[in-house]
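> Turn this into a structure:
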Amino acid sequence: MGHVQIRCKKLKIGVRPRHTSAQKRPPSIGGGAVPMTYGVVLCVLLLVTCPHPTLAQWQRMPPECQGTCWETDNEHPLAKCAPGVLDDVVTEAQADVLIASAETYAQSHGWTTKRHVRYPTTDLPTEVLSGETQAIMGGVWTKVEAEVRARCDIGAENKLTINDAFLVKYTAAGQPGLHRHRDGSFASFNLALSTPDVDFQGGGTRVWDSHEVAKNKTYYWNAPRLESEGKQPSVKKKKKRASDAGDARTRLDVPPGGWLHYEPSVSELREEHAVLYRIKKTQMLISGGYHAHEGVGVTKGSRYIVAGFVGMNTHCCSLRYSRWRGVTGVLRVFLLGGDSEQRHKLPLHDWTLYDEFKEEWVLILLTGRAPMAVLGCLVVWRTKIFKLFWKFYTRWRRANRKRSLMPSKAND
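Got it, this is the predicted structure:
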């Protein structure tokens with residue numbers, strides 16, 4: 001019986017050959033550097049799947065989850081609640097404190113420009129600002145939560161949380177605005193800290209209410225056909241598939257999935273179907289996360305806002321309830337080496353699961369079926385202790401097999 005080995009030479013994703021020392025290893029779950037091998041991947045799989053079901057991703061969801069995880073919050077049916085404006089959310093003095101705190105912090109540490117993957121802004125998370133800022137934001141969140149519950153008809157059993165809150169700076173010389181998009185949250189808010197036409201020129205938030213867009217679905221579906229006939233002005237199209245979509249629409253009077261499932265792309269939406277909000281200092285714009293919107297460019301001065309994303313029942317998407325979805329999500333990110341520069345290659349929820357796994361993997365080792373997980377790691381990493389154990393085990397097994405198969409001299 002030959003010596004059993006786990007070979008890792010054929011895995012090309014992030015593998016570092018053992019004879020090279022200068023090549024950088026990909027980051028790992030423990031914060032150190034571990035070569036990406038079949039053994040390491042198998043170990044991660046064991047750590048994710050082996051703990052006791054009541055402590056890991058096979059735990060039952062709470063009643064408010066209704067057995068569902070909304071990985072993208074804005075897909076929830078209630079995320080289409082209408083936009084609205086709140087007055088006097090903060091005082092003018094508090095707004096000035098928020099701006100001064102951000103500028104003071106930025107003088108030493110700079111503004112962040114890559115915190116968000118798809119639509120980054122020049123911003124600072126409010127959590128890094130002064131203690132006075134934290135107190136102000138506490139009051140802001142109290143008003144935001146009450147308004148979202150009332151506006152979106154959220155029951156008391158559902159939990160609302162701030163997924164992210166950050167202070168944004170728009171300038172004509174820097175980042176003047178933000179491209180058209182939909183937020184990935186259940187709801188979002190925008191607190192104005194500057195006065196239009198005094199502190200800045202231009203600017204504002206243009207919002208396409210999904211209910212208004214629904215009234216114009218036939219227009220957006222027929223736009224390519226009408227454009228070809230010269231009856232309507234052109235609409236913005238995507239670079240790659242716009243022509244194919246236009247050809248399909250010239251052949252069909254009704255979308256293939258019906259009007260209920262048809263949704264025009266964000267790039268096709270027209271400005272006349274939107275509302276431009278240029279809210280005053282201390283006012284706040286709140287809307288459901290499904291509504292498309294854009295930040296209109298500032299032409300002069302500086303525009304400061306506090307933007308935030310509100311999540312509903314985000315705990316329902318925790319790793320402990322994710323089952324096999326959590327296993328596949330963690331492994332996909334792990335195979336990329338946990339490289340944050342490649343976040344755009346995978347769903348954002350995969351990275352959320354991976355980050356949660358990094359924080360809890362030590363607890364996983366110490367609870368539930370930890371011995372099985374630890375043994376699996378020893379096997380796949382082929383430690384000296386296991387090699388020694390395997391060596392004596394194979395010799396003992398070989399000796400026992402020979403004794404059982406060879407006849408004794410007494411029976412000759």
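> Now do the same contact list for residue 158.
Residue 158 makes contact with 64, 312-313, according to C-beta atoms under 8 Å, 6 or more residues apart in numbering. For the C-beta atoms, the positions are set from N, CA and C on the backbone; glycine is no exception.
> just so I have it, where are all the helices in the stretch 301-412 of the chain?
Assigned by DSSP state H, counting those that start in this stretch, the stretch 301-412 of the chain shows helices spanning 324-335, 348-366, 370-381, 384-405.
> Comparing the ones you listed, which yields the minimum mean pLDDT?
Between the helices of the stretch 301-412 of the chain, the one with the least mean pLDDT is helix 370-381; it has a mean of 54.
> so where is the stretch 101-250 of the chain shaky, pLDDT-wise?
By pLDDT under 70, the weakly predicted segments of the stretch 101-250 of the chain are 224-250.
> Tell me where it has strands.
Here the stretch 101-250 of the chain has its strands, by DSSP state E, counting those that start in this stretch, at 123-125, 160-171, 178-181, 187-192, 200-202, 205-208.
> Return the most buried member of these.
Highest mean neighbour count among these (mean count of other C-beta atoms under 10 Å): strand 187-192, with a mean of 27.
> For that strand, which outside residues touch it?
79, 81, 89-90, 95, 140, 144, 148, 152, 205, 279-289, 305-310, 312.
> among those residues, which ones are buried?
Using 16 or more other C-beta atoms under 10 Å as the burial test, the contacts of strand 187-192 include 79, 81, 89-90, 95, 140, 144, 148, 152, 205, 279, 281-289, 305-310, 312 as buried.
> Against residue 131, how distant is residue 346?
Per C-beta to C-beta, to the nearest Å, residue 346 is found 36 Å from residue 131.
> between these two, who's got more neighbours?
residue 346 (15 against 8; other C-beta atoms under 10 Å).
> ok, and the closest non-adjacent residue to the more buried one?
residue 332 (5.6 Å; C-beta to C-beta, 6 or more residues apart in numbering).
> got the residue ranges for the helices in the stretch 51-200 of the chain?
Going by DSSP H, counting those that start in this stretch, the stretch 51-200 of the chain shows helices at 92-109, 131-152.
> In CSV: those helices, plus distance to residue 392.
Formatted as CSV, the helices of the stretch 51-200 of the chain follow (distance: least, C-beta to C-beta, whole Å):
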stretch, distance to residue 392
helix 92-109, 57
helix 131-152, 60
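> closest to residue 319 out of the ones you listed?
Taking C-beta to C-beta as the criterion, helix 131-152 is the member of the helices of the stretch 51-200 of the chain that comes nearest to residue 319, at 25.2 Å.
> Mind listing what's buried along the closest one?
By neighbour count on 16+ other C-beta under 10 Å, the buried set for helix 131-152 is 133, 136-137, 140-141, 143-145, 147-149, 151-152.
> Could you tell me which residues make contact with residue 124?
Taking C-beta under 8 Å, 6+ apart as the contact definition, residue 124 lies against 102, 105-106, 111-112, 166-167.
> Using ChimeraX, define a selection of the buried residues within those.
Here is the ChimeraX command that selects the buried residues among the contacts of residue 124 (16+ other C-beta under 10 Å):
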select :102,105,111,112,166,167
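> Pick the one among the contacts of residue 124 closest to residue 269.
Using C-beta to C-beta, the contacts of residue 124 come closest to residue 269 at residue 166, 25.2 Å.
> quick one on the thing from earlier: out of the helices of the stretch 51-200 of the chain, which comes closest to residue 300?
helix 92-109 (17.3 Å).
> Tell me, how many residues neighbour the closest residue to residue 176 other than its chain neighbours?
Nearest residue to residue 176 in three dimensions, chain neighbours excluded: residue 297, at 3.7 Å (C-beta to C-beta, 6+ apart). Residues within reach of residue 297, counting by other C-beta under 10 Å, total 15.
> Would you agree residue 297 is in contact with residue 177?
Yes. Counting by C-beta atoms under 8 Å, residue 297 does reach residue 177; the two are 3.7 Å apart.
> Report the set of residues contacting both of these two.
By C-beta under 8 Å, 6+ apart, the residues touching both residue 297 and residue 177 are 170, 203.
> ok, residue 345 - contacts?
Residue 345 neighbours (C-beta under 8 Å, 6+ apart): residue 336.
> same deal with residue 97?
Neighbours of residue 97 in contact, by C-beta under 8 Å, 6+ apart: 132-133, 136.
> would you turn these into CSV with distance to residue 125?
As requested, these are exported to CSV (distance: C-beta to C-beta, whole Å):
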residue, distance to residue 125
132, 16
133, 11
136, 14
